[in-house]
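Return atomic coordinates for the entry below.
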Amino acid sequence: MTVLIDTSIWSLALRRRRAGINPEERKLVDRWESLVRKGQAAIIGPIRQEILSGIRNAEHFEKLRERLDPFDDLPIMKVDYVEAPRLFNGLRGRGITGSPIDLLICAVARRLGVEIFSSDEDFGRYSRHLAIRLLR
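Below is the predicted model:
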């Protein structure tokens, strides 16, 4: 079982200090670690870009880049770039605004039939209207 892991989880696991996380966040990191150990953790290029963005120290950037290197990106296809705005437009018609990257994640996950693991509450809102599966 492959799980597409959102930026919120990668950042929590790789960018935050362990001592600075609360018990709920610790559970999320433990789940991430389990997925990584089992070889089930997946990423897409835009998530990798988000994780690496905003790191001012070049040494920290390289360390994080190296930690992400073992994870191959799931393929994003032209159909995903068409489906993501279709999902965006459908949600917008229901009064829900989503980010382009979030909806690209949804499009890729739907096409590949994989679950999404995120701590971002937006995905819960999306899942009430889109055929996406969230890792619980």
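
show me where this structure has strands.
When secondary structure is read from DSSP state E, the chain shows strands at 3-5, 41-42, 115-117.

same for the last one, what does it pack against?
Under the contact criterion of 3 or more CB pairs under 8 Å, 6 or more residues apart in numbering; DSSP states H and E, the helices and strands touching strand 115-117 comprise strand 3-5, helix 23-37, helix 100-112. Heads up, the C-betas are built off the backbone N, CA and C, glycines and all.

That one: how far from the chain's middle?
For strand 115-117, the separation from the chain centroid amounts to 7 Å (computed by CA atoms, centre = their mean, to the nearest Å).

now swap in the second one and tell me
Using CA atoms, centre = their mean, the mean C-alpha position of strand 41-42 is found 9 Å from that of the whole chain.

Start the count at 36 instead of 1 going forward.
Renumbered: residue one is now 36, and that last one reads strand 76-77.
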